[in-house]
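>>> Got a predicted structure here, sequence first:
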Amino acid sequence: MDTIFARIEKIFKSCETDLQSMPPTLLYNEGWMLRLTVDWFASMDWHDESHPLAVPPGYRWYSEALLPSAFLPESRSDSLAESWTHADAAIGHFDIGNGAKGNLALLSDAKHFVVLEAKMFSKLSAGVKNATYFNQAARNVACIAEVLRRAGRQATGFAALGFYVLAPATQIQQGLFDPYLTKDSIRSVVERRVAEYGGKRDKWFSDWFLPAHARMDIKAVAWEELLAYLAERDPDAKQLKAFYERCLEFNRPPEEVKP
């Protein structure tokens, strides 16, 4: 396998040459920026457990975890249903399904669960096929509540429970995520989703969603803020800043052509 990993490294390194073996955006993107950033936090000798991306000893992180929904299909003809949600990354006390499955399940004594969504220049998705208003923020928060329900773990037992959108500072300052990340907006959207089930999800909403929603920290965090935090504690983090600058370079939308 060492030879395979060496070949993978060679292919990735070609992105910095004139003889690229693949589009640079397959490396320089929000997914890899997220993985590298969280891994950097996990590898630090000093941990501030109050930080949104803290990964102290005994915690784990996982990229592309699958989160269960409270609105999974009840039958093949279920016109309201949705599928599991892909979380860009999760941090905390949990297990991941075996094999190719990324199903996430909290440990019985879990006290930390954070879900991360990574962006460069894209917006949060507006909805799902059977609920076009059920946006990405509301869906993730609802899934977090469902993860807690399946584990039988009430939100009050958690030291940290959160949903964070990581994005460039310019995107955050423009207010692109503001309409979706307020507590009132998320509650309203999920309440609308629940109402479509004619009472069948009301108990889930009152017993699991509302307590999780009340306990949860929800906000957008700038990549630049994370990079500055790491740079203060690890001089080598300047490499991550250089990687981020390449992500911005390759993912920035083309400027509008002026007539």
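The structure has been received and is ready for your questions.

>>> for the chain, what spans make up the strands?
Ranges of strands in the chain, per DSSP state E, are 60-67, 85-92, 94-96, 104-106, 112-118, 160-167, 217-222.

>>> The residue lying closest to residue 217 once chain neighbours are set aside and residue 253, how far apart?
Nearest residue to residue 217, sequence neighbours excluded (C-beta to C-beta, 6 or more residues apart in numbering): residue 162, at 4.0 Å. To be clear about C-beta, it is placed using only N, CA and C from the backbone, and glycine gets the same treatment. Relative to residue 253, residue 162 is positioned 29 Å away (C-beta to C-beta, to the nearest Å).

>>> More neighbours: these two, which one.
A count of neighbours by other C-beta atoms under 10 Å puts residue 162 above the other of residue 162 and residue 253, at 22 against 8.

>>> If I look at that one, what pLDDT would I see?
With respect to pLDDT, residue 162 scores 97.

>>> now residue 28
94.

>>> In contact with it, which residues?
For residue 28, the contacting residues are 15, 243, 246-247, 249-251, by C-beta atoms under 8 Å, 6 or more residues apart in numbering.

>>> rerun at 6 Å
By C-beta atoms under 6 Å, 6 or more residues apart in numbering, the contact list for residue 28 reads 246-247, 250.

>>> Over to residue 143?
Counted by C-beta under 6 Å, 6+ apart, residue 143 has contacts 67, 69, 85.

>>> what's the first one in contact with, if anything?
Read that as residue 67. Residues counted as contacts of residue 67 (C-beta under 6 Å, 6+ apart) are 85, 87, 104, 143, 147.

>>> The residue nearest to residue 217 and residue 224: what is the separation?
In terms of C-beta to C-beta, residue 162 sits 19 Å off from residue 224.

>>> What of residue 82?
For residue 82, the distance to residue 224 - C-beta to C-beta - is 33 Å.

>>> if you count what's nearby, which of those two comes out ahead?
Neighbours were tallied for residue 82 and for residue 224 using other C-beta under 10 Å; the higher tally belongs to residue 82 (21 against 15).

>>> wait, what's in contact with residue 231?
residue 237 are the contacts of residue 231 under C-beta under 6 Å, 6+ apart.

>>> same thing with residue 92?
Contacts of residue 92 (C-beta under 6 Å, 6+ apart): 112-114.

>>> hang on, the earlier thing: from the contacts of residue 28, pick the one nearest residue 170.
Using C-beta to C-beta, residue 247 is the member of the contacts of residue 28 that sits closest to residue 170, with 13.3 Å.

>>> Which residue is the nearest non-sequential neighbour of that closest one?
Nearest residue to residue 247 in three dimensions, chain neighbours excluded: residue 28, at 4.6 Å (C-beta to C-beta, 6+ apart).

>>> mind listing the helices for the stretch 151-259 of the chain?
169-173, 178-181, 183-195, 202-204, 210-215, 223-233, 238-251 (DSSP state H, counting those that start in this stretch).

>>> what about these, which gets the closest to residue 127?
The nearest among those, by C-beta to C-beta, is helix 183-195 at 9.1 Å.

>>> so can I have JSON lines of the contacts of residue 143 showing distance to residue 39 and pLDDT?
Formatted as JSON lines, the contacts of residue 143 follow (distance: C-beta to C-beta, whole Å; pLDDT from 0 to 100):
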{"residue": "67", "distance to residue 39": "21", "pLDDT": "96"}
{"residue": "69", "distance to residue 39": "28", "pLDDT": "96"}
{"residue": "85", "distance to residue 39": "22", "pLDDT": "94"}
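
>>> Just put the residues you listed in CSV and tack on distance to residue 125.
Listed next are those as CSV, based on distance: C-beta to C-beta, whole Å:
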residue, distance to residue 125
67, 15
69, 14
85, 10
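
>>> and of these, the nearest to residue 154?
The closest of the contacts of residue 143, once distances to residue 154 are taken by C-beta to C-beta, is residue 67, at 17.8 Å.

>>> Tell me what that closest one is bridged to.
residue 85 (DSSP bridges).

>>> Alright, I will stop here.
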